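Student: quick one: sequence plus predicted model below, questions after.
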Amino acid sequence: MSTVGAVTWDDLLAGEELAHVETVPAAAAGVTSLPDNLHPDVRAILPFDGLYAHQRDAWDAAARGESLILATGTASGKSLAFNLPVIDALAREPKDRALYLYPTKALAQDQARALAALRAPNVRAAIYDGDTPAERRWQIRRWANVILTNPDMLHVGVLPHHDRWADVLHNLRYIVVDEAHVYRGVFGSHVANVLRRLRRLARVYGAEPQLLFASATIANPGELAAALGGVEATVVARDAAPRAERTIALRNPELLDAELGLRASPLGEASRVMAGLVSRGLRTICFAKSRKAAELIHRFSVDRVDAATAKRLAPYRAGYTPAQRRDIERRLVEGELLGVSATDALELGIDIGLLDCAISVGFPGTVASLRQQWGRAGRRGQGLAVLIASEDALDQYFMREPEMLLQRSVEAAILDHANPRVLDGHVRAAAFEAPLDDADRATMGDEALERAALLPELKHTKSGYVWAGRDYPAGQFGLRSTTPDTFAVVEAQSGTVLGLVERERAYSTVHEGAIYLHLGESYLVRELDLQARTAVVTPYSGDYYTQAKKDTNTAIEETLRNEWRCGMELCFGRISVTEQVVAYQKKSVRDQSTLETVDLDLPETSFETEAIWYVPEPQQLDGLEQMPTLLGTLHAAEHSMIALLPLWAMCDRWDIGGLSTNIHFQTNRPTVFIYDGHSGGVGITERGFDAFEGWVADTARMVEGCPCSDGCPSCVQSPKCGNLNDMLDKGGALTFLRRLAASSTSAR
């Protein structure tokens, strides 16, 4: 029965909007005893006398001196699993040090609170990040034996000044990397090099720390630990934590126009569900993709409930002060708040107490993220987890094929630390930190030494490669981009730098007149200064968005893999992409109609990246080979495949580009390219190459199930199409994709 106490929610889930509902049964805990070799002073502070089996597995691996990765569900006690070996070591030797890495400052704050609450013997924990006052920093270096920081601070504030950290590095026993699944793509590729530089300097100072990773459930935890840390790690993935019974509901807002694929607002639908739940006293969190959406859901929900309930609702997002966020977290934990509408800032492991219901507005991009969000609910008893669909292709696919979401394995986290565009900056930084020689292959990897020989700023000496440039190189690049060639996005009134955009993306995202989104807030680009490399923006609250039109060309540079798959030649390799943004359209938020097309005069950009490409055989294009059907078929197939690739690699549709052509100058045949949108590539399309048959089958099923007749945003239209969704043939794409899927089945 769907209850928490005596409160039901069944009637709230009824109606035509309900696409699917199911109940996941409860699971009992797998408990084992505390380890015999646990320090008695640590045993004395623990308020329990047993561990979940996966916590014990992690303890045993750490006790054997192994690095490990713990990949279990939300609320499975991962923090205790990595804290226990650390506090045991410090109880025995207070001089030992542990460095904890978190992707956000809020998570570091939360872990600092958890460590303080343990009251473990000899533990002196402190946060060291950009907010730490200068006068406290030297005290922390001398006094703290558990230092909580983030990869950016480690990269630019710790490693280049390692002489100040000599005692910490000499005694470094553990490196803890929490929320490891966040470190993927470009950011993960950078963090992997930061961790290698840290291990290298620890070795210089005579230490060989163990790495303890904690991650959400992902498809490749061992591979991720090896890629991130350069170490072989024991995988602990058997989740033995108890789980309450959970009701899962998928809701699709009302269809307003079947031909255009237009549906009612998912924000309105979310506020309706949220208001109904909190009015019954059910503690609810609602996840939205942007600040603006979180604020609107809060506002709509407040309008739907009585005054007393309205006072117990709050939004939570980036942009609030730390004090405001801490206050909301405290009110949630203590039960003062009934409902919170939040961005994904609360998806990660911040302790926000016992909640009954979790609502996700729009598929968050990965099954792993969705499970993190849903895992917030049902800690007091039976929980409710709801996904409210947007019109996006993946969302609508899941509404029609719920088992493809609910029975699907989580994705693989992909990164590439050896991408030269990422690696080169870290090789320079490492040579600045200490001479780089052959002995460093064990930590930095062979590729680092190969790149060192090619970098003009490095000088080869008897001691190894040393930095011969000016300033310190770590300060010359950040961890979020593959290229130092970036444009700063500057808010006109305050002069605040909102973010950095890679040059190859700048012309299509921050051209003059563009609507630029930053943390869910909209800004209008007033000016793009090509010389100063700045885009000046002002806040925007209008009812249109912009889409760039660009001419794209690809050239195959090197084929690395070539196989016969799905009845045709499939290749993976390096390509160069040349783009020129030539115009943009203003499009209505309400119905996606085009309001105006504006010409632009911007330079060409070129970058090299990784791609898959395929060359269909004549029989697969039988009846589709005449123009414009041929180009419309390939273009629609390319779009729909890009929409589905995030299901196979933990990435965003915006991380991927594509090009389809009726005749390519190198293959001399119709060809489709799908490429990593980041310079150099980070392994996304190689994952697609490995999973090609499943990827094609998923895509065919998605297009087949969409009820529109000619193509819509829920199947073959793309919000980022350089041709503004011109020349799309849904029927041709479906015929073609079915033939590929049939070829793959018959080949087995």
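Tutor: Received, thanks. Numbering: from 1, shown residues only.
Student: could you point out the longest helix in the chain?
Tutor: Across the chain, the longest stretch assigned as helix under DSSP state H is helix 185-204.
Student: contacts for the helix or strand following that one?
Tutor: The C-terminal neighbour of helix 185-204 among helices and strands, as given by DSSP states H and E, is strand 210-215. With contact meaning CB atoms under 8 Å, 6 or more residues apart in numbering, strand 210-215 is reached by 58, 62, 65-71, 78-79, 81-82, 85-86, 173-181, 195, 199, 221, 224-225, 228-229, 231, 233, 413. Bear in mind the C-beta positions are built from the backbone N, C-alpha and C, glycine included.
Student: what's the angle from strand 210-215 to helix 185-204?
Tutor: Counting by axes from the mean of the first three to the mean of the last three CA atoms, to 10 degrees, strand 210-215 lies at 160 degrees to helix 185-204.
Student: just checking, what packs against the host helix or strand of residue 735?
Tutor: Secondary structure from DSSP H and E places residue 735 in helix 730-746. Using 3 or more CB pairs under 8 Å, 6 or more residues apart in numbering; DSSP states H and E, the elements in contact with helix 730-746 are helix 629-644, helix 692-705.
Student: mind showing which ranges of the stretch 501-650 of the chain have poor pLDDT?
Tutor: Residues of the stretch 501-650 of the chain that meet the criterion pLDDT under 70 lie in 519-520, 589-592.
Student: at 90 what do you get?
Tutor: Across the stretch 501-650 of the chain, the ranges flagged by pLDDT under 90 are 501-509, 515-522, 530-533, 540-550, 585-596, 605, 607, 646-650.
Student: how about the helices in it?
Tutor: Using DSSP state H, counting those that start in this stretch, the helices of the stretch 501-650 of the chain run over 503-509, 629-644.
Student: so which of those helices is the most surrounded?
Tutor: Of the helices of the stretch 501-650 of the chain, the one with the most neighbours on average (mean count of other CB atoms under 10 Å) is helix 629-644, at a mean of 25.
Student: give the next helix or strand downstream of it.
Tutor: Beyond helix 629-644 toward the C-terminal end (DSSP H and E), the next one is strand 656-661.
Student: just checking: what are the partner strands of the next helix or strand after that following strand?
Tutor: Using DSSP H and E, the helix or strand that follows strand 656-661 towards the C-terminus is strand 671-676. Strand 671-676 has the following sheet partners, assigned by DSSP bridges: strand 605-615 (antiparallel), strand 656-661 (antiparallel).
Student: in the stretch 201-350 of the chain, where is pLDDT below threshold?
Tutor: In the stretch 201-350 of the chain, residues with pLDDT under 90: 216-220, 241-246, 254-265, 283, 289-296, 299, 314-337, 342-350.
Student: how about the strands in the stretch 201-350 of the chain?
Tutor: Using DSSP state E, counting those that start in this stretch, the strands of the stretch 201-350 of the chain run over residues 210-215, 233-236, 246-251, 255-257, 262-263, 284-287, 313-316, 339-342.
Student: what's the burial count for the residue nearest to residue 667 when sequence neighbours are not counted?
Tutor: Excluding the flanking residues, the one nearest residue 667 by CB to CB, 6 or more residues apart in numbering is residue 615, at 5.3 Å. Residue 615 has 16 neighbours, counted by other CB atoms under 10 Å.
Student: for residue 615, give me its contacts.
Tutor: 568, 569, 667, 669, 670, 671.
Student: for ChimeraX, write a command that selects the buried ones of these.
Tutor: Those of the contacts of residue 615 that count as buried under 16 or more other CB atoms under 10 Å are selected in ChimeraX with:
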select :568,569,670,671
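Student: how near is the nearest residue to residue 565 once chain neighbours are set aside to residue 661?
Tutor: For residue 565, ignoring the flanking residues on the chain, the nearest one in space by CB to CB, 6+ apart is residue 692 at 5.2 Å. Between residue 692 and residue 661 the distance is 20 Å, computed by CB to CB, to the nearest Å.
Student: could you check the pLDDT of the residue lying farthest from the centre of the chain?
Tutor: Distance from the C-alpha centroid of the chain, by CA atoms, centre = their mean, peaks at residue 462 (42.5 Å). Residue 462 is assigned a predicted lDDT (pLDDT) of 95.
Student: backbone dihedrals for it, please?
Tutor: phi -60, psi -30 (degrees, to the nearest 10).
Student: now residue 230
Tutor: phi 70, psi 30.
Student: returning to that earlier point: does the residue nearest to residue 565 really touch residue 570, like I thought?
Tutor: Yes - taking CB atoms under 8 Å as the definition, residue 692 is a contact partner of residue 570 at 6.0 Å.
Student: overlap in contacts of these two?
Tutor: residue 612.
Student: mind putting the strands paired with strand 671-676 into CSV with distance to residue 473?
Tutor: Compiled in CSV, the strands paired with strand 671-676 are given as follows (distance: least, CB to CB, whole Å):
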stretch, distance to residue 473
strand 605-615, 22
strand 656-661, 30
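Student: relative to residue 283, which of those strands is closest?
Tutor: Comparing these by their distance to residue 283 (CB to CB), the top pick is strand 656-661, with 37.6 Å.
Student: identify the residues contacting that closest one?
Tutor: By CB under 8 Å, 6+ apart, the surrounding residues in contact with strand 656-661 are 552-554, 577, 631, 634-635, 637-639, 641-642, 645, 670-677, 684-685.
Student: tilt between it and helix 629-644?
Tutor: If you take the same axes, to 10 degrees, strand 656-661 sits at 170 degrees to helix 629-644.
Student: and strand 656-661, how far out from the chain's middle?
Tutor: 22 Å (CA atoms, centre = their mean, to the nearest Å).
Student: and what of stretch 622-630?
Tutor: The chain centroid and the centroid of stretch 622-630 are separated by 38 Å under CA atoms, centre = their mean.
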